[in-house]
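Chemist: got a structure for you, letters missing:
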């Protein structure tokens, strides 16, 4: 009998010590019970959870599951990217986009070229409203992804270009007989990861997208109203969209014809909400050039260069600009405002560009060099860099993997820095804004108590005609009902979604886990 008891106790000890399994004790058994009722549900039979929750003050572990296992973090990757960028570039740093005269003035005519030198301004005036950089919870860059009803900000995407054109006019230039050029040599062009525009360039206009707003008419069968933003002669839109029966589902097809031509087909329901779609810009420099020429002409500067493509693309040497006459400049908002947009709405384009800007700040030109600079910063923050792997800044690269432990180490490192408040306040707030706006109801006890970055990575399982949730993630800080500050990391990977089940289910589940932590942690 004694021997049997010993074997039983040994079995229990083995079970408790299994790698990756939570280890409850008398003080937290109810918390473990409630969490594991959620994460061990049948829906996650084939999935893997990675969770680490620690007391932000003491560092004591509150709950853990697979804390040393590598998980696809999806857009939680942006937590790492933005932390490194704030440190490398400075939260109050700005960029200055300058316009130079490369030629001689004859009267009020420039006999030569006007050159706009791109500086990597992420928003470049396109989100400027009443002195602030603004966003919508459902960003327009996700409009083609099917993740919800995207919205447009009430802003002028050409604000910066119009400001520059006005300065050119005020400088006494009434005509330009040479070229209008966009110098985008700050860093090498590359591709981003994630939904939305993915051409990464030092020049960004309206997030490198043409917005297409589709509004139903008042009568079924009539053509829908199509509006594009910004308007330009640079691209062509062939639209044939009708108004369908009330309460029918929108059905819109975008058919890219060329880099600046697109066809739109389909229908939108009578009485329905306006639908937003985007046409990603493949050639940001050419797009900006055309828009700048049009801005100059609107400001009564006769630019004779053709809009569609430059005749001459010869730039001066990079070190020659100090000897040229500067005609105009546009200063970006502080970096922290672009970081806020990046984290609140999970902006893939901005996040993918940040490593390039970090590289440029150190004299390099590639995103890969920027990621190596990020690695140095993460190590200084106390992150075990053997527990991270990044192929880009946004979270959609196949190489993006981190452990819950490394994520907590990042958060712990940032809490000790002066950038912490900026960083924390840039995160979505549970039930309030950004990608967490709809995760819980306004009556949730955790409403407004969680500041965290979300992550979602979905593939289409063609064999089974269903969605496969590669990753759903949440990481950040929260305050419990009792006032205890926590740092949290919640990952679930590899969830086959049954037919008819969308990705919002796991978002609600993560919200539920936050509620459990809020109510149960003493």
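Modeler: Received, thanks. Everything numeric here is computed off the predicted structure, so don't read it as measured data.
Chemist: tell me which residues in stretch 288-303 are buried?
Modeler: Under the neighbour-count criterion of 16 or more other CB atoms under 10 Å, stretch 288-303 has 288, 289, 290, 291, 292, 293, 294, 295, 296, 299, 301, 303 buried. For every residue, glycine as well, the C-beta is placed using N, CA and C.
Chemist: so which of these would you say is closest to residue 120?
Modeler: residue 288 (12.9 Å; CB to CB).
Chemist: Let me know the helix or strand that that closest one is in.
Modeler: For residue 288, the element it lies in under DSSP states H and E is helix 284-298.
Chemist: so what does that helix touch, helix or strand wise?
Modeler: With contacts taken as 3 or more CB pairs under 8 Å, 6 or more residues apart in numbering; DSSP states H and E, helix 284-298 sits against strand 109-117, helix 159-170, strand 180-183, strand 302-303.
Chemist: mind checking how far that helix is from the chain centre?
Modeler: 26 Å (CA atoms, centre = their mean, to the nearest Å).
Chemist: okay, the angle between that helix and helix 159-170?
Modeler: 50 degrees (axes from the mean of the first three to the mean of the last three CA atoms, to 10 degrees).
Chemist: any idea of the mean pLDDT for helix 284-298?
Modeler: For helix 284-298, the mean pLDDT works out to 97.
Chemist: which of the helices and strands packed on helix 284-298 is buried the deepest?
Modeler: Most buried of these by mean neighbour count (mean count of other CB atoms under 10 Å) is strand 180-183; its value is a mean of 23.
Chemist: Flag the helix or strand of the chain with the lowest per-element mean pLDDT.
Modeler: Every helix and strand in the chain was compared by mean pLDDT, DSSP states H and E; the lowest is helix 2-16, with a mean of 31.
Chemist: Off-centre distance for the next helix or strand after that helix?
Modeler: Note on helix 2-16: by DSSP H and E, the next helix or strand toward the C-terminus is helix 29-39. Put simply, helix 29-39 sits 32 Å off its chain's centre (CA atoms, centre = their mean).
Chemist: Give the buried residues for helix 29-39.
Modeler: 31, 32, 34, 35, 36, 39.
Chemist: what packs against it?
Modeler: Secondary-structure packing of helix 29-39 (3+ CB pairs under 8 Å, 6+ apart): strand 48-55, strand 61-65, helix 504-520.
Chemist: Can you add mean neighbour count and mean pLDDT and give those back as TSV?
Modeler: Converted to TSV, the helices and strands packed on helix 29-39 look like this (neighbours: other CB atoms under 10 Å; pLDDT from 0 to 100):
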stretch	mean neighbour count	mean pLDDT
strand 48-55	22	98
strand 61-65	21	97
helix 504-520	20	96
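Chemist: so where does the closest residue in space to residue 393 that isn't next to it in sequence fall, helix or strand?
Modeler: Distances taken as CB to CB, 6 or more residues apart in numbering place residue 81 nearest to residue 393, at 4.0 Å, with adjacent residues excluded. Assessed by DSSP H and E, residue 81 sits inside helix 77-89.
Chemist: next helix or strand past that helix?
Modeler: Sequence order places strand 96-106 as the next helix or strand after helix 77-89, per DSSP H and E.
Chemist: Figure out how far that following strand is from the centre of its chain.
Modeler: That offset, for strand 96-106, works out to 34 Å (CA atoms, centre = their mean).
Chemist: do stretch 467-474 as well
Modeler: 16 Å.
Chemist: Give me the contact list for it.
Modeler: 71-76, 452-461, 488-497, 501-503, 506-507, 509-510, 514 (CB atoms under 8 Å, 6 or more residues apart in numbering).
Chemist: Now with 7 Å, please.
Modeler: 71-74, 76, 452, 454-461, 490-497, 503, 506-507, 510 (CB atoms under 7 Å, 6 or more residues apart in numbering).
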